[in-house]
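Peer 1: Pasting the sequence and the predicted coordinates here, then a few questions.
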Amino acid sequence: MSRATSLEPGAPERTGLAAVRPYGYGVWRLRGVSLLVHRRSVAVALGLAVLLAAVVVLYLCVGESFVPPAQVVRVLLGRPSPDQLVVGTLRLPRLVVGLLCGAAFGMAGALIQTVARNPLASPDVIGVTQGAGAATVAAISFNLVDYAQLPYASVAGGLAAALLVYVFAWRRGLHASRFVLVGIAVSVALGSLIQLLLTKGDVLVAQQAKVWLTGSLNSRGYDQARPLVLVLLPAVPALFWAVRAQRVVSFDDQTATALGVRLNRVRLGLTALGVVLASVATGASGPIGFVALLAPQLARRLTRAPQIPLLSSALTGALVVVVADLLARRLFSPLELPVGVLTAVVGAPYLMWLISRSRNRDRSGGAS
């Protein structure tokens, strides 16, 4: 490729030695490294981070007993406080799991929707969550692993389900609509397998598995957060690669192939990363439905970016899970609902709206 022309999506067009940045983009330079950034995405990410910080303080304040915000801040800063037990021991570990799971679900949904080029695609819809759930329910029913090791069983199940979807959806390439349809079929089959495991297992164990399947942060702590951290930290370099790879996947197949991009390998890498994130989050909290479906689309509508923004999707997912868990704890107090019930109440109507919108778009396209 000549120096005078750049075909990288989102990159500035170059004419001679002068560079013209696309509208809405800026260049961030650090120690000789230049990075093209979407200004609105940065502003939205900062706004979401501030809002999330406020919700975190509110979450730690509200409970059976109210803790003043000043004492919450003291606990977070590691200073002595009479509310150390309530905030630091009882509420904070659960909050940490919620934040990590929400961020993982948000990024997983963004990656899978990017590969499928479909807002309906998410780990919940294409069978990844059900695969993780089936492996976890089997581990619980047959006492295969310790409770703290369930996230690892979930990762194995999610990867197996994703591999199954990928194999059956592959026909000289990975077509977006076929990927979603095969995923839905695998999801239904794995859901039936979960019900079979619950029926054949011990009654008490099956009841424990049913509680896990609702998706709840109740009694979650640092033991469940540890596998999340062990997966998320090594995944940071891969996420930087994914941000760049998203631009390549946004091209149509012919353009990407003409540029020498091995599109199928890129799609496989993005899918594998999304599956791992969704699976380990499912193992830690249970299948909290619709977060991976909802968060990326909310983030994209807020940022109006060409690609689904990963950072804003992570912040949105964390915000959705924490707010939903706060409402689940206090809405019907002293009764505590699973957080998955609250996210399903919001996510199910949103899914139906997306389906009806896609149907209307197809009809208008066919009429034209």
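Peer 2: Perfect, thanks for sending it.

Peer 1: how about the residue nearest the centre of the chain, what does it touch?
Peer 2: Residue closest to the mean C-alpha point of the chain, counted by Cα atoms, centre = their mean, is F105 at 2.0 Å. The neighbourhood of F105, defined by Cβ atoms under 8 Å, 6 or more residues apart in numbering, consists of P123, L277, A278, A281, I288, V291, A292, A295, G317, V321. Where C-beta positions appear, they are placed from N, C-alpha and C, glycine not excepted.

Peer 1: ok, now with 7 Å
Peer 2: F105 makes contact with A278, A281, I288, V291, A292, A295, G317 under the criterion Cβ atoms under 7 Å, 6 or more residues apart in numbering.

Peer 1: Just the ones of these in helices?
Peer 2: Members of the contacts of F105 lying in helices (criterion: DSSP state H): A278, A281, V291, A292, A295, G317.

Peer 1: possible to save those residues as a markdown table with neighbour count, pLDDT and distance to V236?
Peer 2: Below are those laid out as a markdown table (neighbours: other Cβ atoms under 10 Å; pLDDT from 0 to 100; distance: Cβ to Cβ, whole Å):
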| residue | neighbour count | pLDDT | distance to V236 |
| --- | --- | --- | --- |
| A278 | 33 | 90 | 17 |
| A281 | 37 | 90 | 16 |
| V291 | 36 | 92 | 21 |
| A292 | 34 | 91 | 19 |
| A295 | 30 | 92 | 19 |
| G317 | 30 | 94 | 16 |
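
Peer 1: And those residues, which is closest to T129?
Peer 2: Set against T129, the nearest of the ones in helices among the contacts of F105 by Cβ to Cβ is A278 (6.4 Å).

Peer 1: State the number of residues packed around I184.
Peer 2: By other Cβ atoms under 10 Å, the residues close to I184 number 16.

Peer 1: Contact partners for the nearest residue to G317 once chain neighbours are set aside?
Peer 2: On the basis of Cβ to Cβ, 6 or more residues apart in numbering, the spatially nearest residue to G317 that is not a chain neighbour turns out to be G106, at 2.4 Å. By Cβ under 7 Å, 6+ apart, the contact set of G106 is V291, A292, A295, P296, S313, A314, T316, G317, A318.

Peer 1: Looking at those residues, which one is closest to G47?
Peer 2: Proximity of the contacts of G106 to G47 was ranked by Cβ to Cβ; the top entry is T316 with 10.9 Å.

Peer 1: correct me, but the closest one touches Q297?
Peer 2: No - here T316 does not reach Q297: they are 9.1 Å apart, not a contact under Cβ atoms under 7 Å.

Peer 1: So which of the two has more stuff around it?
Peer 2: Under the neighbour definition other Cβ under 10 Å, T316 and Q297 were set side by side, and T316 has more, 31 against 20.
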